[in-house]
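Student: Sequence and predicted structure below; questions after.
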Amino acid sequence: MMSLNTSSVVKSSISGVSRTQSQSVRLSVRRPMVVAMVNSNGRPERSVGVSVDGAVKDVNAPVAVEVADSESKETTAVVGGGVEDVYGEDSATEDHFITPWSVSVASGYSLLRDPHHNKGLAFTEKERDAHYLRGLLPPVVVNHDLQVKKMMHNIRQYEVPLQRYQAMMDLQERNERLFYKLLIENIEELLPIVYTPTVGEACQKYGTIFKNPQGLYISLKDKGKVLEILKNWPQKKIQVIVVTDGERILGLGDLGCQGMGIPVGKLSLYTALGGIRPSACLPITIDVGTNNEKMLNDEFYIGLRQRRASGKEYAELMNEFMSAVKQNYGEKVLIQFEDFANHNAFDLLEKYRTTHLVFNDDIQGTASVVLAGLISALKLVGGSLADHKFLFLGAGEAGTGIAELIALEISKQTNAPLEEARKKIWLVDSKGLIIRSRLDSLQHFKKPWAHDHEPVNKFLDAVKAIKPTVLIGSSGAGQTFTKEVVEAMSSFNEKPIILALSNPTSQSECTAEQAYTWSEGRTIFASGSPFAPVEYNGKVYVSGQSNNAYIFPGFGLGLIISGAIRVHDEMLLAASEALAEQVTQEHFDNGLIYPPFTNIRKISAHIAAKVAAKAYELGLASRLPQPENLVAYAESCMYSPKYRNYR
Ligand SMILES: NC(=O)C1=CN([C@@H]2O[C@H](COP(=O)(O)OP(=O)(O)OC[C@H]3O[C@@H](n4cnc5c(N)ncnc54)[C@H](OP(=O)(O)O)[C@@H]3O)[C@@H](O)[C@H]2O)C=CC1
Ligand SMILES: CC(=O)C(=O)O
Ligand SMILES: [Mg+2]
């Protein structure tokens, strides 16, 4: 046996005295190992890979470790043996300060509790011997496929979607590779659980169901310390951040800090659908308070119990956050703004799009997915985009974002000025049709849509007055596409295109069943949250899901593989085209304008390739030289949840 002394600076506050002292860790090495010093934040302070001959290696195996105080030069404790109260666990009370240092070794019990490396019953006999797992697992060894089969069996036992959500989150925290294999192989069934609609309910009840924290929380209390907080996150190489401030969670409004379910859910789709490594993903919630009385009065609420900060206070925290992200992760970390309220969302995007790699999923990702749906819908209804007339219910982030991208595409196709193209698009907000006489009182993002028209207050009247060929719901207000609205659409269109984008299902403008029934089976329908197939007059109608989940995973992958430094609108158009190209004749024959999610990883690779190609074309790519076959390159970069073999 040989010994090795490595010095580390340890912050100690035993007995309430906070001091910094130098300790040395004496490692009595019996075999190759990896030791990580871990502090109370779980942040590894020092990782040491040591082989028997003293060479540094990346190896995994347990070891007996002695911790000695260099000042006294006496061995104070033996970890993994002995009966001393090493960490003051027995003597300390809540009034005593102790420093929860531990030495974590990636083997045995701790290996089973490390979601990144745990394989559960799939550890082989050899691995059980080599990594001190024998006895910690029952004797059976099963393969990954059987684990998936069993988990699906278990999840299907739960009838309540929220219970399925919790089972999925538990799995993610227990065995990451099993979680992703399950999700990828059962995407159609599990998407509504980890994503809309169930994630909406999870956010509403997040405080009650909260177990282990996921993601990073940055609150007003942390002003001046944001960089420090980022450094507390265990992973250092982050490629994608999804950040929310929780003010507009789906169509459910202000859920404050409990909006964390959204960045967590979106990032699990980045991995499952777009192949971004889980360790490169960072969910963040910025907590500036909430104006939701229910949350403020809920004793289990997990956020700051105060009203939302705004103005200078809000801007300063966001600015500190954006600077800290760039300082910590560099120029090429992708920041996806998600579910901010529109009074902040447009300004944040405008402010940071020229200095950071940012995009707003609700404004831009949604625009891209809807444009893709419309491009493919044209194959069913005929004509070009410019031949159609569009009416939106909802003139916020989603509505005006989509409208602008449609106008951009029409302008590109027809060489008409953007202002001309915009005239084909009408929007209704909570005060009625957006028209020129309202111009002075309109928020800036609505102004381009203020066309000449008489005032129209009721949505049904707007439908009858404008006679659109395409109706898009982006209001977050459920059941607003009434029978009269759908019947009106069907009276002047042979095949009305109706997109009910609002999430979750409770906020959908209408259900698939209503759309097909009220249009006598003639509508081309898609919705933000999924609906089961509908039988009408003996025929089965399968509706598509018009959700930005088709876009952002592949879009992000494209930015990452090309090393893009900024997002450009042309990239969104490229993503739309790539998605629309994936719709086959068979899909059209079934009335679908989106391909099913079952092929999403292939679809994401195609989107990534087109987005990357655009980044190269625009001179915004930094990964040089450009790979010859971008689709193959994108596929080769994608994370696979296959288990690793451990030595
Ligand atoms: N399918 C998908 O991929 C996506 C779906 N969405 C969904 O779209 C919805 C809206 O999101 P977002 O655009 O960000 O929200 P915003 O708050 O930015 O915009 C909502 C708009 O709807 C209007 N509105 C609200 N209620 C009514 C009503 N009863 N009648 C008429 N207009 C109304 C508002 O009017 P006013 O301006 O007057 O207040 C506002 O213009 C949400 O449900 C969200 O989940 C969002 C992004 C992606
Ligand atoms: C899908 C989405 O991003 C939303 O509803 O906000
Ligand atoms: Mg969103």
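Tutor: Nice, thanks for sending it over. Ligands and ions are numbered 1, 2, ... in the order given.

Student: from the stretch 101-250 of the chain, which residue is nearest to ligand 2?
Tutor: Here the residue of the stretch 101-250 of the chain nearest ligand 2 is Leu250; by CB to the nearest ligand atom that distance is 4.4 Å. For glycine as for every other residue, the C-beta is placed from the backbone atoms N, C-alpha and C.

Student: how much space is there between the closest residue to that residue other than its chain neighbours and ligand 3?
Tutor: Among residues not flanking Leu250 along the chain, Asn503 sits closest, at 4.2 Å (CB to CB, 6 or more residues apart in numbering). The gap separating Asn503 from ligand 3 is 8 Å, by CB to the ion, to the nearest Å.

Student: dump the residue contacts of Asn503.
Tutor: Applying CB atoms under 8 Å, 6 or more residues apart in numbering to Asn503 gives the contacts 196-197, 200, 250-251, 528-529, 547.

Student: Surely it is in a strand?
Tutor: No: Asn503 is assigned coil when assessed by DSSP: H, G, I helix; E, B strand; the rest coil, not a strand.

Student: ok but Glu228 is inside a helix, no?
Tutor: Yes: assessed by three-state DSSP, Glu228 belongs to a helix.

Student: burial of it, as a residue count?
Tutor: 11 (other CB atoms under 10 Å).

Student: Could you do Ala450 as well?
Tutor: 18.

Student: residues contacting the residue most central in space within the chain?
Tutor: Centroid-nearest residue in the chain: Lys266, 1.7 Å away (criterion: CA atoms, centre = their mean). When contacts are counted by CB under 8 Å, 6+ apart, Lys266 touches 195, 242, 283, 336, 338, 361, 552.

Student: so which strand or helix has it?
Tutor: helix 261-274 (DSSP states H and E).

Student: For the following helix or strand past that helix, which strands pair with it and how are they oriented?
Tutor: Per DSSP H and E, the first helix or strand lying C-terminal to helix 261-274 is strand 281-287. Strand pairing for strand 281-287, using DSSP bridges, gives strand 216-219 (parallel), strand 240-244 (parallel).

Student: Show residues contacting strand 281-287.
Tutor: Contacts for strand 281-287 (CB under 8 Å, 6+ apart): 214-220, 233, 235, 238-246, 256-257, 259-260, 263-264, 266-267, 270-271, 303-304, 317-318, 321.

Student: which of the contacts of Asn503 tops the neighbour count?
Tutor: Gly528 (30 neighbours).

Student: Now for that one: which residues touch it?
Tutor: 196, 500-503, 508, 545-547.

Student: near ligand 2, which residues of the stretch 151-300 of the chain?
Tutor: 196, 250 (CB under 6 Å from any ligand atom).

Student: rewinding a little: can you check what angle separates the helix holding Lys266 from strand 281-287?
Tutor: 160 degrees (axes from the mean of the first three to the mean of the last three CA atoms, to 10 degrees).

Student: Can you give the distance from helix 261-274 to the centre of its chain?
Tutor: 3 Å (CA atoms, centre = their mean, to the nearest Å).

Student: what's the average pLDDT for it?
Tutor: Averaging pLDDT along helix 261-274 gives 98.

Student: Kindly export it (C-alpha atoms) in CSV.
Tutor: Below are the C-alpha coordinates for helix 261-274, written out as CSV (Å, rounded to 0.1, in the frame of the first residue of the first chain):
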residue,chain,number,x,y,z
GLY,A,261,-40.7,22.8,-14.5
ILE,A,262,-40.6,24.5,-17.9
PRO,A,263,-36.8,24.9,-18.4
VAL,A,264,-36.3,21.4,-16.9
GLY,A,265,-38.9,20.0,-19.4
LYS,A,266,-37.6,21.9,-22.4
LEU,A,267,-34.0,20.8,-21.7
SER,A,268,-35.0,17.2,-21.4
LEU,A,269,-36.4,17.6,-24.9
TYR,A,270,-33.1,19.2,-26.0
THR,A,271,-31.5,15.9,-25.0
ALA,A,272,-34.2,13.4,-26.1
LEU,A,273,-35.2,15.1,-29.3
GLY,A,274,-32.1,17.1,-30.2
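
Student: just to revisit the earlier point, for the residue of the stretch 101-250 of the chain closest to ligand 2, grab phi and psi.
Tutor: phi 40, psi -140 (degrees, to the nearest 10).

Student: you'd agree it is up against Glu338?
Tutor: No: if you go by CB atoms under 8 Å, Leu250 and Glu338 don't touch, sitting 10.3 Å apart.

Student: Overlap in contacts, the two.
Tutor: Ile262.

Student: and the residue of this structure nearest ligand 2?
Tutor: Asn503 (3.7 Å).

Student: Next, that residue: phi, psi?
Tutor: Per degrees, to the nearest 10, the backbone of Asn503 is at phi -120, psi 160.

Student: How about the residues of the chain by ligand 3?
Tutor: 339, 362 (CB under 5 Å from the ion).

Student: Quickly list the domain ranges of the chain.
Tutor: Residue ranges for the domains of the chain, per the TED database: 108-194, 197-356, 364-547, 550-586+594-621.

Student: Let's have those domains in CSV, adding distance to Asp95.
Tutor: Listed next are these as CSV, based on distance: least, CB to CB, whole Å:
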stretch, distance to Asp95
domain 108-194, 29
domain 197-356, 24
domain 364-547, 46
domain 550-586+594-621, 48
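
Student: tally of neighbours for Lys126?
Tutor: 11.

Student: can the contacts of Asn503 go into CSV with extra columns for pLDDT and distance to Gly538?
Tutor: Listed next are these as CSV, based on pLDDT from 0 to 100; distance: CB to CB, whole Å:
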residue, pLDDT, distance to Gly538
Thr196, 98, 31
Pro197, 98, 29
Gly200, 98, 34
Leu250, 98, 35
Gly251, 98, 34
Gly528, 98, 28
Ser529, 98, 26
Asn547, 98, 29
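
Student: now, among the residues you listed, which is nearest to ligand 3?
Tutor: Leu250 (6.6 Å; CB to the ion).

Student: where does Phe392 land in three-state SS?
Tutor: Phe392 ends up strand, using three-state DSSP.

Student: show me what contacts it?
Tutor: 399, 402-403, 425-428, 472-474.

Student: now it: how far from Leu427?
Tutor: 4 Å (CB to CB, to the nearest Å).

Student: Once you drop chain neighbours, what's closest to Gly399?
Tutor: Nearest to Gly399 is Ser474, by CB to CB, 6+ apart, at 4.0 Å.

Student: one step back: and the helix holding Lys266 with ligand 1, contact?
Tutor: No: Helix 261-274 lies out of reach of ligand 1 by CB under 6 Å from any ligand atom, never closer than 10.1 Å.

Student: and the closest residue to ligand 1 within the stretch 51-200 of the chain, what does it touch?
Tutor: Residue nearest to ligand 1 within the stretch 51-200 of the chain: Thr196 (7.4 Å; CB to the nearest ligand atom). Contact analysis of Thr196 by CB under 8 Å, 6+ apart lists 250, 503-505, 528-529, 547.

Student: The residue of the chain found nearest ligand 1: neighbouring residues, count only.
Tutor: The nearest approach of the chain to ligand 1 comes at Gly396, 1.9 Å away (CB to the nearest ligand atom). Neighbour count for Gly396, taken as other CB under 10 Å: 25.

Student: distance of the spatially closest residue to it that is not a sequence neighbour from Asp429?
Tutor: Leaving aside its sequence neighbours, Gly396 sits nearest to Asn342 (CB to CB, 6+ apart; 4.6 Å). Per CB to CB, Asn342 is found 11 Å from Asp429.

Student: which residues are common contacts for these two?
Tutor: Common neighbours of Asn342 and Asp429 (CB under 8 Å, 6+ apart) are Gly396.

Student: Show me which residues of this structure sit near ligand 2.
Tutor: 196, 250, 339, 361-362, 503, 528, 547-548.

Student: and with 5 Å instead?
Tutor: 250, 503 (CB under 5 Å from any ligand atom).

Student: where in the chain is pLDDT low?
Tutor: 1-89, 91-92, 98, 100-105 (pLDDT under 70).
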